[in-house]
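> missing the sequence, but the structure's below:
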C-alpha cells in the first residue's frame, strides 16, 4: 500500500460477511480455506477499528540513542484494525532517516520536521514447490505462510495523518452545558469511523538537521506524546476510574452531633474545651489538613429588620494525628464577640460548618471526597473535592 494512498478501511469495506457451510462430502478448495481466514480476520479488524479504536495500546516508547531513534516493544492498532506487535527493539539511524525524507545527508538545509510511523505489513514466508497436477506443468514456487508484520517509516510531518492528529481532545465545546453526554454520543454515532489519510500509527515527531560536519542530526520533540494517539483499553479506563472514584479518603466521624439543637453554654463549651474533631478513614497529608483556611465555621445571628448577621469564627490552628484533625477556634473572638451575642439570643440561631475537600489531600495527593449527602457518614459522592457542609442550631 502506498503511504499516500487512502486506506479504504471504513465500516463497509466488506460489503457482507460470508462463511463456509460444512457438510459431509464437501470438497475444500484453496478458495474455501482463504474465505475461512478472511471471515474471522475481517470481523476482528472491524471490531478493532470501530469498538476499540486505533492508536498505541502499550509500550512503543521512542528514545534517542547514539544518533538513532530507538523504538521499544509494544502493541498498537492501526485505523484499519490491524494489530501491530513489536517484540524487539528497533533502531533507525539518522542517515537512514535522511534517506527516507529524500534529503542529502551531507548537504546543508533548514531543519526538516519529521514523523516516525508504524505501519502494518504482511510478509510471505516459507517458499515451497508446487506439486504437479495431472494436466498442468509445474507452476513454480509458492509461500506456505503469511506473517503479520510491520515497518517503521519516517515521513515529512505534513504527510503524517495531519487530519487525524490534533492537540484538541474534546470536539464538543458545549458538552455539559448545552449538550448532554448522551446527545454528544448520539451525534457521533451518526458517522461511522473511517481512515482518512493513511494507515500510519504515529510514534514520535522531531526535526532533522543536515548542516554541520558531523552528518545528519535528529532531534525528537520534547513533548514526545503530543501526537501519540492512545487506545483507551478497559484496564486503563478502569484504573483511572479507580483513581478518581475509588480509594478516596472520606470523613468518617465528627465529634459534634449533626443537626442537634445545642444550648448556648453547651455550644460554647464545644468551642472552648472539646473543640471540633474530624476523623478521616485514611491518612491525610499533614500540611493540607492543618491549613486553617480549609475550615469555616459561621453563626447566623438575628439583626435588625429581620435580617441575619453572619459571624465567622476564625480557626486559630489545627492539630493532626492518627487520622484525626482537631480544630481550635480563636478564643478571643469567642469570648469577646460570640459569648455576648449568644447570651442575648431570643430565638434559635443556625451554625454552618464547611470543610473544603479540595484543599485537603491524602498521602497519594488525591483530594478529600468531602460531599456530605443525606446527612450520612462517611462522606463522599465518588469524586475528589467538594464541600462538607453541616448545620447545627444554638438556642437560648
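Noted; the coordinates are in hand. The structure presented is a predicted model; accordingly, all values stated were derived computationally and were not measured. Residues are numbered from 1 along each chain as shown.
> now do the longest helix anywhere in the chain: everything it contacts.
The helix spanning the most residues in the chain, taking DSSP state H as the definition, is helix 30-47. Residues outside helix 30-47 that contact it (C-beta atoms under 8 Å, 6 or more residues apart in numbering) are 9, 11, 13, 14, 17, 18, 19, 20, 80, 81, 82. Glycine gets a C-beta too; all of them are placed from N, C-alpha and C.
> low-confidence bits of the stretch 251-396 of the chain, can you list those?
305 (pLDDT under 70).
> follow-up on the earlier one: give me the buried subset of the contacts of helix 30-47.
9, 13, 80, 81, 82 (16 or more other C-beta atoms under 10 Å).
> excluding covalently adjacent residues, which one is nearest to residue 254?
Closest residue in space to residue 254, ignoring its immediate chain neighbours: residue 278 at 5.2 Å, by C-beta to C-beta, 6 or more residues apart in numbering.
> ditto for residue 362
Nearest to residue 362 is residue 249, by C-beta to C-beta, 6+ apart, at 4.4 Å.
> and if you look at residue 126?
Nearest to residue 126 is residue 144, by C-beta to C-beta, 6+ apart, at 3.8 Å.
> what of residue 157?
Nearest to residue 157 is residue 113, by C-beta to C-beta, 6+ apart, at 3.7 Å.
> contacting residues around that neighbour?
Contacts of residue 113 by C-beta under 8 Å, 6+ apart are 156, 157, 158, 205, 206, 207.
> give the buried residues for the strand of greatest length in the chain.
Counting residues, the longest strand in the chain under DSSP state E turns out to be strand 112-129. Within strand 112-129, the residues that count as buried by 16+ other C-beta under 10 Å are 112, 113, 114, 115, 116, 117, 118, 119, 120.
> and what of stretch 274-286?
276, 278, 279, 280, 281, 284, 285.
> so which residues make contact with it?
So stretch 274-286 is contacted by 249-256, 270, 295, 297, 320, 323-329, 353, 355, 360-363, 365, 368, 378 (C-beta under 8 Å, 6+ apart).
> please pick the buried ones from the residues you listed.
249-251, 254, 256, 270, 295, 297, 320, 323, 325-327, 329, 353, 355, 360-362, 368.
> average pLDDT for stretch 71-78?
Stretch 71-78 shows a mean pLDDT of 94.
> for the stretch 1-150 of the chain, what spans make up the strands?
Ranges of strands within the stretch 1-150 of the chain are 55-59, 62-65, 68-71, 74-77, 83-86, 90-93, 112-129, 141-156, based on DSSP state E, counting those that start in this stretch.
> partners of the longest one, with directions?
Spelled out, that is strand 112-129. strand 141-156 (antiparallel), strand 201-209 (antiparallel) (DSSP bridges).
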